[in-house]
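Peer 1: just a sequence and a predicted model for now, questions to come.
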Amino acid sequence: MKINTFKLSLFILTVLTVFISCEDDDLPTITFVEEDRTEQQMKDSDSIIDYLSTHYYNSSFFETGTDHKYTDIIITELQAGEDVPEGSTLLMDAVETHTTEFLEVDYEYYILRINQGAGEAPKFTDLVRVRYEGSSVEDGEVFDSRITPLDLTLVGNGFNTFGTIRAWQLVMPSFNTSTGFSIDNGVVNYNNFGLGVMFVPSGLAYFSGITTGSSYDNLIFKFEMLQYETVDDDGDGIPSYAEDLDANLSVFDDDSDEDEAPNFIDLDDDDDDVSTFNELEQTIYTVDTNMGESEPTLDDNEYEYSRSTDAGIITITTVKALDTDGNGVLDYLDDEVTINYNETSS
Ligand SMILES: [Ca+2]
Ligand SMILES: [Ca+2]
Ligand SMILES: [Ca+2]
Ligand SMILES: [Ca+2]
């Protein structure tokens with residue numbers, strides 16, 4: 001049986017509700033009414049704008065030197081009648097404003113982009129290695145901080161990964177990782193990584209959940225984007241981000257064969273009994289870096305599947321989705337085409 005996590009949580013909620021309603025009639029009835037998302041967003045938007053208009057950060061600190069840390073970012077509340085001190089900038093004058101639609105509600109979120117980073121940008125389904133500190137807009141309380149790098153999968157698959165809040169899936173891919181790192185006395189120093197702060201409404205965070213200590217908290221995350229890895233949740237060769245066919249930054253609503261297993265966790269996306277992996281053409285590239293060779297540029301619809309390095313020789317296996325009958329639908333999504341590339345090549 002394929003498990004749908006959303007349905008599973010609904011099921012648990014239903015069981016809980018039934019359990020609560022079956023309690024002794026003398027006990028008070030526990031009723032949990034979730035706030036309306038649109039109304040909550042209006043309140044949250046006001047609180048965040050108020051926060052950004054009454055707090056400044058130490059901007060001049062970041063004008064010199066490199067590889068600043070998230071702990072270097074100091075946000076201070078402006079006192080009544082006080083001007084923003086020299087060397088500091090009001091957050092409202094420094095942040096980028098972004099908009100997004102999530103669960104049919106329009107949201108704004110804000111990014112203070114201190115360093116873009118010079119590596120590559122992760123995709124919204126990838127695993128990111130980050131350092132961060134999360135606090136609440138309302139009371140400034142730090143509810144989570146990771147000074148030691150932590151690996152997080154941005155989108156959970158409900159089986160072995162659990163994903164981050166929506167805001168992270170939107171913000172992290174807009175930053176780049178480091179270019180690499182050096183190890184100095186056992187300490188790993190990353191070079192030119194993404195550094196920023198995000199200000200997000202509860203609707204793009206935990207909403208009614210109490211992960212932060214209370215419900216409907218608007219959150220601030222200072223973060224460093226250090227490294228990333230491409231995630232292919234079902235291991236079928238198509239990275240999860242590329243299984244978001246309608247490019248709406250959700251992998252849960254793309255289900256080509258309508259069997260209720262979205263493509264990113266479906267091993268046979270078109271249900272033609274040839275697995276997705278077998279409908280992809282494999283290529284093995286050998287790159288001899290001793291001879292100054294450089295890595296191949298991959299075609300559209302071609303993805304790295306594995307790589308190994310031995311004595312300066314890199315072996316890269318890629319898989320490529322083809323449209324053999326030229327009807328505009330790639331073979332692995334076209335149940336009329338059932339070529340098994342692994343069968344024919346062996
Ligand atoms: Ca996949
Ligand atoms: Ca989608
Ligand atoms: Ca499916
Ligand atoms: Ca198939």
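Peer 2: Ah, there it is. Ligands and ions are numbered 1, 2, ... in the order given.

Peer 1: spell out which parts of the stretch 151-300 of the chain neighbour ligand 4.
Peer 2: For the stretch 151-300 of the chain, the residues in contact with ligand 4 (C-beta under 5 Å from the ion) are Asp268, Asp270, Asp272, Val274. Heads up, the C-betas are built off the backbone N, CA and C, glycines and all.

Peer 1: element containing the third one?
Peer 2: Same thing as Asp272. Counting by DSSP states H and E, no helix or strand carries Asp272.

Peer 1: residues near the residue in the chain that ligand 3 sits nearest to, how many?
Peer 2: Residue nearest to ligand 3 within the chain: Asp266 (3.8 Å; C-beta to the ion). For Asp266, the neighbour count with other C-beta atoms under 10 Å is 23.

Peer 1: pretty sure it sits against Glu258.
Peer 2: No. Using C-beta atoms under 8 Å, Asp266 makes no contact with Glu258, being 10.5 Å away.

Peer 1: quick revisit: let me see the contact set for the residue of the chain closest to ligand 3.
Peer 2: Applying C-beta atoms under 8 Å, 6 or more residues apart in numbering to Asp266 gives the contacts Asp234, Asp236, Asp255, Ser256, Asp257, Asp259, Thr276.

Peer 1: I'd like to know which of those are buried.
Peer 2: Among the contacts of Asp266, those scoring as buried are Asp234, Asp236, Asp255, Ser256, Thr276 (criterion: 16 or more other C-beta atoms under 10 Å).

Peer 1: these: which two are farthest apart?
Peer 2: Farthest pair in these (C-beta to C-beta) is Asp236 and Asp255. Separation: 14.2 Å.

Peer 1: so what are the domain limits for the protein?
Peer 2: The chain breaks down into these domains under automatic domain parsing: 34-229, 269-345.

Peer 1: what about the shortest one, distance to the chain center?
Peer 2: Average the C-alpha atoms of domain 269-345, do the same for its chain, and the two points are 25 Å apart (C-alpha atoms, centre = their mean, to the nearest Å).

Peer 1: how many residues are close by Lys222?
Peer 2: Lys222: 25 neighbours (other C-beta under 10 Å).

Peer 1: contacts with ligand 1 among the buried ones among the contacts of Asp266, please.
Peer 2: Asp234, Asp236.

Peer 1: next, format the buried ones among the contacts of Asp266 as TSV and append pLDDT.
Peer 2: Output for those, formatted as TSV (pLDDT from 0 to 100):
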residue	pLDDT
Asp234	97
Asp236	97
Asp255	98
Ser256	97
Thr276	98
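
Peer 1: now the closest residue to Trp168 other than its chain neighbours: how far from Val251?
Peer 2: What sits nearest to Trp168 in space, not counting adjacent residues and going by C-beta to C-beta, 6 or more residues apart in numbering, is Leu154, at 5.9 Å. Using C-beta to C-beta, to the nearest Å, Leu154 is found at 11 Å from Val251.
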